[in-house]
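Q: quick one: sequence and predicted model below, then my questions.
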Amino acid sequence: MKKILHPAATRGNANYGWLKAKYSFSFANYFNPERLRFGVLHVLNDDDIAPAMGFGRHPHNNMEIITIPQSGALKHKDSLGHEGVIRSGDIQVMSAGSGVEHSEVNASTTEPVKLFQIWVLPETENVPPRYDQKQIAPLLVPNSFSTVVKPRSEAANGDLWIHQQAYFNIGEFSEKTETTYTLHNKNHGAYVFVINGTVFIDNETLSDRDAIAIWDTQTVDVSAGKDSKVLLIEVPMN
């Protein structure tokens with residue numbers, strides 16, 4: 001097993017007034033040659049957006065974009081004709097594909113919205129763009145890792161999916177739990193990001209917003225503390 005620790009305090013930091021952001025990987029004005037990406041995981045931003053502010057209409061292409069609000073609500077509008085609100089407890093998936101324009105703006109005029117925005121490089125370029133969103137809670141098994149986004153090839157009706165052999169898993173642990181996550185492919189790695197709580201992996205203790213990148217292994221043993229929430233992203237390493 002190989003690993004790299006990404007303590008929360010080592011992330012990139014940006015403050016634009018209306019947006020306060022922490023960057024797990026090089027993004028915008030933050031550049032770290034040792035934090036370019038992890039496999040096909042290109043971006044994991046921890047954003048805090050001021051009331052009524054946000055990202056105006058802008059383009060993307062050939063990127064799988066996953067948004068997970070942690071508090072508040074985000075108003076979405078795109079060139080595909082989708083318009084709506086994604087709230088804390090939801091997850092949004094957008095395949096930019098051959099090209100899409102969208103805006104994401106805080107739906108509240110009084111409260112901030114806090115969210116994770118994650119970008120994954122696709123396995124196939126220039127596919128038709130698409131959009132989907134779901135509530136997370138019905139997808140979860142208590143005190144276990146549950147897959148909330150999977151590859152298109154494995155998706156059944158109603159599943160959230162992307163154009164990549166990647167798996168997004170969320171673990172909500174109300175009790176102290178010992179569990180093992182098995183990767184789907186020997187050439188994959190796991191990026192384990194602690195949303196809150198305490199997690200013990202391979203003799204490393206992680207707490208709020210700490211992360212560990214793991215590869216060259218088929219399994220990841222996780223000891224999660226009580227009331228911990230963890231995001232585990234499995235991705236191809238090439």
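A: Sure thing, it's come through. All values reported here derive from a predicted model rather than from experimental measurement.

Q: only C-alpha atoms for contact and neighbour calcs from this point on.
A: OK.

Q: could you find the closest non-adjacent residue to the residue nearest the centre of the chain?
A: Residue closest to the average C-alpha location in the chain (Cα atoms, centre = their mean): residue 118, at 4.3 Å. Leaving aside its chain neighbours, residue 118 sits nearest to residue 44 (4.5 Å; criterion: Cα to Cα, 6 or more residues apart in numbering).

Q: repeat for residue 220
A: residue 181 is the one closest to residue 220 (Cα to Cα, 6+ apart), at 5.1 Å.

Q: same deal with residue 86?
A: Ranked by Cα to Cα, 6+ apart and with sequence neighbours excluded, the top spatial neighbour of residue 86 is residue 74, at 5.2 Å.

Q: could you say which helix or strand holds the residue nearest to residue 220?
A: Applying DSSP states H and E as the criterion places residue 181 in strand 177-182.

Q: what residues are up against the residue nearest to the centre of the chain?
A: Going by Cα atoms under 8 Å, 6 or more residues apart in numbering, residue 118 touches 41-45, 65-67.

Q: looking at the residues you listed, spot the one nearest residue 163.
A: residue 65 (10.5 Å; Cα to Cα).

Q: identify the bridge partners of the closest one.
A: Legend: beta-bridge partners of residue 65 under DSSP bridges are residue 94, residue 119.

Q: next, count neighbours for it.
A: Neighbour count of residue 65, defined by other Cα atoms under 10 Å: 20.

Q: from residue 139, how far off is it?
A: Relative to residue 139, residue 65 is positioned 19 Å away (Cα to Cα, to the nearest Å).

Q: ok, now residue 213?
A: Distance from residue 213 to residue 139, by Cα to Cα: 24 Å.

Q: so if I had to pick from these two, which one is more boxed in?
A: Counted by other Cα under 10 Å, residue 213 and residue 139 do not tie: residue 213 has more neighbours, with 19 against 15.

Q: got phi/psi on the residue lying closest to that one once chain neighbours are set aside?
A: Closest residue to residue 213 apart from its sequence neighbours, by Cα to Cα, 6+ apart: residue 191 at 4.5 Å. Dihedral pair for residue 191: phi -110, psi 110, per degrees, to the nearest 10.

Q: please name the bridge partners of residue 194.
A: Beta-bridge partners for residue 194, by DSSP bridges, are residue 230.

Q: you'd agree it is up against residue 211?
A: Yes. Counting by Cα atoms under 8 Å, residue 194 sits close enough to residue 211 to count as a contact (6.1 Å).

Q: direction included, what does the helix or strand hosting residue 132 pair up with?
A: Here residue 132, judged by DSSP H and E, is contained in strand 130-135. Taking DSSP bridges as the criterion, strand 130-135 forms sheet pairs with strand 90-95 (antiparallel).

Q: show residues contacting the partner strand.
A: Contacts for strand 90-95 (Cα under 8 Å, 6+ apart): 62-69, 86, 128-136, 160-163.

Q: tell me what angle whichever helix or strand comes after that strand forms with strand 130-135.
A: Next helix or strand after strand 90-95 toward the C-terminus (DSSP H and E): strand 100-106. For strand 100-106 against strand 130-135, the angle by axes from the mean of the first three to the mean of the last three Cα atoms, to 10 degrees is 30 degrees.
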